[in-house]
Every structure is written in structure tokens, then in C-alpha cells.
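Undergrad: below are the sequence and a predicted model; questions follow.
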Amino acid sequence: MIINAADYGVKPEGNAGKELAALFNKISEIKEEKVLFFEKGNYYINAADCEEQMLYITNTAGDKEYRRGETPHLSRAVFNIKNTNNLKIEGNGAKFIINGKATNAAIQNCENIEISNIEIDSENPDLHELKVIGMGKHYVDFEVDKNSRYLFENGSLYFTGADYKVNPIKKYRTAWHLSRVRENNANKMERTHNLFALAIKAKDLKNGKIRIYYFSTAGFQPGDRYCLFDNRRQYVGIFADKSKNITLNNVAQHFNYALAFVAQNTENITLNGLTFAPDRKTGRLMASLADFLQICMCRGTVSIENSHFEGACDDCLNVHGVHFKIDDIIDNKITVKFMHPQTHGYNPVRKGDEIAFIDKKSLLEVGKTTVLSSRLIGEYHIELEVDSTEKAVLGDVIENISACPDIYFKNNTVNRIATRAILITNRGKTVIEGNRFISNSMSGILLSDDALNWYESGMCKDVVIKNNIFEHCGETAIRILPENKEHMGYVHSNIKIINNDFRDYNGTCITAKSSENIEITGNCFADENKLELKNCENVKTDF
């Protein structure tokens with residue numbers, strides 16, 4: 001079935017928020033295969049016109065981060081795709097420009113969804129870039145980027161937009177997070193001090209320039225650019241939840257209020273030809289206020305290829321599960337709890353899943369069982385009926401080892417990442433191949449695992465890292481670092497690091513802890529600090 005968006009009032013150069021919501025509601029009622037076509041052009045969306053709904057999205061704002069009068073997790077989405085199967089969306093180069101805060105797309109309880117050839121950006125988002133253009137002993141002069149709006153009221157500075165008005169000096173503790181790019185290194189983005197934490201007052205210098213007074217201006221340098229933004233992860237780019245066979249082809253997102261693409265409890269994801277980067281016409285440095293890609297408790301295969309990622313204040317890719325804490329054991333039932341305040345409110349455990357009991361200090365598996373039934377209780381607890389609780393220990397954690405996808409990250413370019421390029425905490429097969437990591441301020445690749453802090457599971461069992469170029473890493477280029485508190489055995493295993501080119505990094509190039517069966521061969525190193533090991537076994541190298 002062919003569906004033309006224009007026939008439903010969704011046309012270029014018009015405000016299309018309400019019409020778009022009505023169109024996706026109509027599409028959810030059509031059971032046959034369907035293709036939705038957009039005409040090429042600019043589509044304008046007022047976030048206030050989008051439907052509101054409850055969205056519990058992993059690694060986003062927790063309940064306690066919402067303010068008085070707000071409803072936690074109440075969100076709105078521009079592309080609101082729910083309970084829909086067998087839908088292809090052909091954008092034909094359509095560009096959607098959003099005014100106000102919203103999630104760009106929410107794909108929920110869907111199967112066989114393909115989105116191609118669209119571009120998404122935000123008008124005057126809650127992101128502001130300030131460039132140091134002058135300094136005195138007690139003041140710094142900044143040029144505000146041309147995309148931002150600000151005003152002075154009663155001598156106080158405010159940044160404003162469609163649904164925000166913030167005094168950055170008064171609200172610095174809760175409203176702003178900072179990244180900095182030095183003038184002499186435009187590709188390196190780093191988290192830094194809060195620009196307004198020690199500010200005394202601000203003055204309008206007119207024509208897009210402001211002066212901020214300080215007791216001391218130490219740390220500032222002419223030409224430095226600071227990115228200021230609301231650090232609450234209340235909205236995301238594209239969200240996939242409880243869905244199967246999701247494909248994005250040639251999709252561009254130029255700004256996201258938090259994660260650019262986040263999937264939870266979803267099976268088989270194909271991402272090809274993505275451009276998650278600032279629109280060069282705006283001159284912005286940042287495109288996502290958090291991770292570009294977050295994959296949590298997913299299944300099947302996740303493929304990310306031939307894409308360009310530039311300008312994120314957190315990881316480019318983070319793949320992990322959840323370590324649920326065992327809260328109660330009664331007969332053959334265990335109650336487990338979401339422990340991290342930014343992840344809860346959904347149930348990624350299914351009947352028939354295999355779960356592992358994990359010792360929280362050593363991160364080692366002490367037993368397994370099969371799930372007979374699974375029930376979400378409130379936002380934070382899941383009741384599991386299992387075939388055996390023999391190895392369950394109160395206070396320890398479980399890992400759902402049926403929700404560990406295979407990951408393929410190939411032929412991508414990654415640049416200007418404030419933390420790690422890739423963070424993997426996942427049992428499934430992982431292949432990281434043929435990528436160019438231009439600059440990230442922390443490690444290029446981190447293999448982690450923890451059960452006492454972020455509670456992100458689990459152990460890595462099959463990882464291949466080959467034919468990649470690491471141009472700059474602010475920390476160790478590859479870190480194999482489970483966060484076990486006691487070494488009682490090997491957490492990660494079967495890791496191949498082959499034919500990579502390490503060019504510029506701080507410290508040792510590769511470090512590994514509590515891991516076994518590691519092969520490091522055919523690599524090109526910039527200097528002699530190649531490898532550091534602790535509690536590892538069966539490590540093969542050619543140097």
C-alpha cells in the first residue's frame with residue numbers, strides 16, 4: 001500500500017506536527033505492508049503539537065531529576081510509531097526542523113520498520129556555544145553562537161527558546177553542563193569546569209557578545225569554545241522499544257537533547273549510512289548532549305556501518321545489559337531490582353530466557369536458571385519465576401544472557417567524542433572493524449562490566465578489534481577493564497586485537513585486567529608503551 005504524506009496534510013514548508021501525529025495513528029490501523037512517502041523539502045514541527053505519552057527510556061532522566069510540577073517520563077515524539085508492522089518510510093531527502101523539546105521518533109511495539117533518507121534538526125535548541133574573544137584580570141568576553149537567543153532582564157542574563165528561559169548564573173548547579181574545544185585542536189572535545197559556577201555577573205556587550213565577571217580567569221584561553229547545555233536527558237533522538245527488525249538508512253540527525261539513538265528490549269537493528277553530526281551551516285561543534293548510540297538489553301544482531309559520528313558529550317556507542325539486584329527469594333520466585341536511577345520502568349526479561357547468577361564483587365557467574373514467567377512490578381522491580389533458585393544469593397545480581405546481541409561496528413568515522421568512542425559490556429559476538437577514530441578524550445574502546453555502580457552487564461566473551469585507525473585517544477586506546485572488586489577468575493575472554501594502527505594516545509596503548517585468551521598481533525604502535533596486564537592469562541603477542 002502506497003501512502004503519500006501530502007495527502008494527509010503533511011507538506012513541505014508548513015507546520016506539520018498535528019498532521020504527522022494523526023497520520024501515524026492512521027498507519028497503525030493498516031495491517032498490510034505499506035510505504036509512506038514524503039516529498040523533498042523542509043517540514044516544520046512545533047513540539048507542543050506532538051502527542052504526549054509516558055516513555056521510560058534507559059539511561060535517561062531518573063525520577064528524582066524532574067522538577068516540581070513535572071510528570072516524570074511524560075514525553076512527546078515527532079514520529080510516533082506504535083503497534084505498527086511492515087512499514088517503510090521513504091523521506092526522499094525531507095528535512096524535519098523541530099521547534100521546542102521533543103523526542104524525534106519513538107518506535108514502540110513494532111516489527112519490520114525501515115526509515116530512509118530523512119534529515120532531522122532543531123531550531124534554537126537548549127545548546128549554546130560561547131567563544132572566548134577577550135580577557136581581563138576579572139572578566140572574560142564571549143561571542144555567542146548565531147543559533148542561540150539570549151536577553152538581559154534587570155541586569156541578569158537569560159538564554160531563551162520555545163520552551164525554556166534559563167538564568168545560567170543562578171541555575172548553574174542544575175541547568176548546565178559544559179564541554180570545551182580548544183582553539184588549537186578543533187577535533188578534541190573534553191568535559192570541563194562549569195562556566196558559570198564562579199561567575200559573579202554578566203554584561204551585555206551587544207551584537208552577540210557578552211562579558212562575564214570572575215574573581216579569577218585562570219583556565220580560560222582566547223579562542224576556546226564552550227558548549228553549554230541542560231544536562232537532563234529528558235528527550236532523545238530515535239527511540240526503539242520492544243520491537244523487532246528496525247532499519248535506518250541514510251538518516252541524519254544534527255542535534256539531540258540526549259542520546260541520538262537508543263534501543264531497549266529490541267531485536268535485530270540495522271543502522272547504515274547514518275550522519276549524526278552538526279549541520280555545517282550552523283557552525284556547531286556538538287550534535288548530541290549524551291551518547292550517539294545506546295543499545296541496552298537487546299537481542300539478535302545490531303549492525304552499524306558506513307556512518308559518520310561527530311560531536312557527542314558521551315560515548316559514540318554503548319552496548320550493555322542490566323545487572324538486576326536480587327531483592328527477595330521465595331520458593332522458586334526471585335524479585336530483582338533496577339539499581340541505576342536512570343534505567344527502569346520496562347521489562348526486558350521474557351519467558352524462556354536464560355539468566356545467570358553473578359557474584360557482584362568478582363563479576364563471575366556462579367549458576368544459571370531458566371525463566372518460567374516474568375512480571376514488572378511498579379517501575380523498579382521484576383518478579384521472576386525460575387526453574388531453580390539454588391544459586392541465587394540476596395544482594396548479588398543477575399544477568400539476562402538471552403538479551404546479549406551480536407554487534408558489528410564497521411567502516412565508520414568517529415570524531416570529537418568527549419568520553420569513549422565505544423563502550424562494550426556484552427556477551428554477544430562483537431566485531432569492531434575498519435573504523436577511523438579521529439579524536440575522543442577518553443579511551444577509544446573500553447570493555448567494562450560492573451555490579452556496584454552503573455550496574456551495566458556483563459562479561460565480554462568474543463571480541464574482534466581489527467583494521468581500525470586510532471588517531472587520538474586522551475586515555476589508553478583500548479582498555480579491557482572489568483570493575484571487579486576481587487580477582488577470583490577471568491571476567492572477559494577471547495579478545496583479538498589485530499592489524500590496528502595506534503597513532504596518538506596518552507599512556508599505555510592497551511591495558512587488560514582479569515581477562516584471558518587475548519591475541520594482540522599485527523598492530524602498528526606509535527611508541528614503546530604497548531601493553532600493561534594485571535591478572536591475565538594466555539596472552540599472545542608478536543612483540
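TA: The structure has been received and is ready for your questions. Residues are numbered from 1 along each chain as shown.
Undergrad: residue contacts, the nearest residue to residue 4 once chain neighbours are set aside?
TA: Among residues not flanking residue 4 along the chain, residue 37 sits closest, at 5.2 Å (CB to CB, 6 or more residues apart in numbering). The way it works is simple: take the backbone N, C-alpha and C, and place the C-beta from them, glycine included. The contact partners of residue 37, by CB atoms under 8 Å, 6 or more residues apart in numbering, come to 2-5, 90, 92.
Undergrad: what does residue 12 give?
TA: So residue 12 contacts 39-43, 94 (CB under 8 Å, 6+ apart).
Undergrad: neighbours of the closest residue to it other than its chain neighbours, just the number please.
TA: Spatial nearest neighbour of residue 12, chain neighbours left out: residue 41 (2.6 Å); criterion: CB to CB, 6+ apart. Using other CB atoms under 10 Å, residue 41 has 13 neighbouring residues.
Undergrad: is the residue nearest to residue 265 when sequence neighbours are not counted in a helix, a strand, or coil?
TA: Nearest residue to residue 265, sequence neighbours excluded (CB to CB, 6+ apart): residue 348, at 4.2 Å. In three-state terms, and counting by DSSP: H, G, I helix; E, B strand; the rest coil, residue 348 is coil.
Undergrad: again with residue 48
TA: Relying on three-state DSSP, one would call residue 48 helix.
Undergrad: how close does it sit to residue 15?
TA: 11 Å (CB to CB, to the nearest Å).
Undergrad: again with residue 219
TA: 44 Å.
Undergrad: between the contacts of residue 37, which sits nearest residue 102?
TA: Using CB to CB, residue 5 comes nearest to residue 102 of the contacts of residue 37, at 18.3 Å.
Undergrad: tally of neighbours for the closest one?
TA: Residues contacting residue 5 under the criterion other CB under 10 Å number 22.
Undergrad: verify the contact between it and residue 36 for me.
TA: Yes: here residue 5 reaches residue 36: they are 6.3 Å apart, a contact under CB atoms under 8 Å.
Undergrad: shared neighbours of the two, which are they?
TA: residue 23.
Undergrad: can you list contacts of the longest helix along the chain?
TA: When the chain is parsed with DSSP state H, its longest helix is helix 17-27. The contact list for helix 17-27 (CB under 8 Å, 6+ apart) reads 3, 5, 8-10, 34, 36, 43, 45-51, 78-82, 84, 87.
Undergrad: quick one: mean pLDDT over it.
TA: Helix 17-27 shows an average pLDDT of 96 in the prediction.
Undergrad: quick revisit: what are the bridge partners for the residue nearest to residue 4, then?
TA: For residue 37, the beta-bridge partners under DSSP bridges are residue 4, residue 90.
Undergrad: how about the residue nearest to residue 12, what does it touch?
TA: Contacts of residue 41 (CB under 8 Å, 6+ apart): 11-13, 94-95.
Undergrad: from residue 93, how far out is it?
TA: 8 Å.
Undergrad: residue 532 now?
TA: Taking CB to CB, one finds residue 532 at 49 Å from residue 93.
Undergrad: what of residue 323?
TA: From residue 323 across to residue 93, the span is 43 Å (CB to CB).
Undergrad: ok, these two, which is more surrounded?
TA: Neighbour count, other CB under 10 Å: between residue 323 and residue 93, residue 323 has more, with 28 against 14.
Undergrad: isn't residue 278 right up against residue 284?
TA: Yes: in this structure residue 278 lies within contact range of residue 284 using CB under 8 Å: 3.8 Å.
Undergrad: what is in contact with those two at once?
TA: Common neighbours of residue 278 and residue 284, counting by CB under 8 Å, 6+ apart, are 254-255, 311.
Undergrad: closest to residue 66 among those?
TA: The nearest member of the shared contacts of residue 278 and residue 284 to residue 66, counting by CB to CB, is residue 255 at 22.2 Å.
Undergrad: quick one, what contacts the closest one?
TA: Counted by CB under 8 Å, 6+ apart, residue 255 has contacts 121-122, 125, 127, 278, 284, 287-288.
Undergrad: and if we set it to 10 Å?
TA: 98, 104, 120-123, 125-127, 147, 237, 276-279, 282, 284, 286-289, 311 (CB atoms under 10 Å, 6 or more residues apart in numbering).
Undergrad: ok, so of the shared contacts of residue 278 and residue 284, who is nearest residue 74?
TA: residue 255 (21.5 Å).
Undergrad: not counting sequence-adjacent ones, nearest residue to the closest one?
TA: Spatial nearest neighbour of residue 255, excluding adjacent residues (CB to CB, 6+ apart): residue 122 at 4.4 Å.
Undergrad: count residues in the vicinity of that neighbour, would you?
TA: Residue 122: 26 surrounding residues under other CB under 10 Å.
Undergrad: relative to the host helix or strand of it, what are the paired strands and their orientations?
TA: Here residue 122, judged by DSSP states H and E, is contained in strand 111-123. Applying DSSP bridges, strand 111-123 is found paired with strand 85-99 (parallel), strand 244-253 (parallel).
Undergrad: among those strands, show me which one is buried the most.
TA: Most buried of the strands paired with strand 111-123 by mean neighbour count (mean count of other CB atoms under 10 Å) is strand 244-253; its value is a mean of 21.
Undergrad: so how far is that strand off the chain centroid?
TA: 15 Å (CA atoms, centre = their mean, to the nearest Å).
Undergrad: still on that earlier bit, inside strands: which ones of the contacts of residue 12?
TA: Residues of those located in strands (DSSP state E): 42-43, 94.
Undergrad: residue 218: which element?
TA: Judged by DSSP H and E, residue 218 forms part of no helix or strand.
Undergrad: so which bits of stretch 444-453 are buried?
TA: 444-451 (16 or more other CB atoms under 10 Å).
Undergrad: my bad, stretch 8-21
TA: Along stretch 8-21, these residues count as buried under the neighbour rule (16+ other CB under 10 Å): 8, 10-12, 16-21.
Undergrad: now it, how far from the centre of its chain.
TA: 29 Å.
Undergrad: what about the closest residue to residue 241 other than its chain neighbours, neighbour count?
TA: Nearest-residue entry for residue 241: residue 108, 4.8 Å, with adjacent residues in sequence omitted and distances by CB to CB, 6+ apart. Residues within reach of residue 108, counting by other CB under 10 Å, total 18.
Undergrad: mind listing what residue 108 touches?
TA: 53, 55, 77, 80-84, 239-243, 266.
Undergrad: of those, just the buried ones, ChimeraX syntax please.
TA: In ChimeraX, this line selects whichever of the contacts of residue 108 come out buried by 16+ other CB under 10 Å:
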select :55,77,80,81,82,84,239,240,241,242,243,266
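Undergrad: any weak-confidence spans in this protein?
TA: Scanning the chain for pLDDT under 70 picks out 172-177.
Undergrad: switch to 50 and redo it
TA: For the chain, no stretch is flagged by pLDDT under 50.
Undergrad: show me where it has its helices.
TA: 17-27, 172-175.
Undergrad: what's the span of stretch 46-57, first residue to last?
TA: 22 Å (CA to CA, to the nearest Å).
Undergrad: what residues does residue 432 make contact with?
TA: 304, 317, 407-410, 412, 421-422, 424, 444-445, 463-468, 478, 497, 500.
Undergrad: bridging residues for it?
TA: residue 409, residue 465.
Undergrad: nearest residue to residue 522 other than its sequence neighbours?
TA: Leaving aside its chain neighbours, residue 522 sits nearest to residue 499 (4.2 Å; criterion: CB to CB, 6+ apart).
Undergrad: much appreciated, bye for now.
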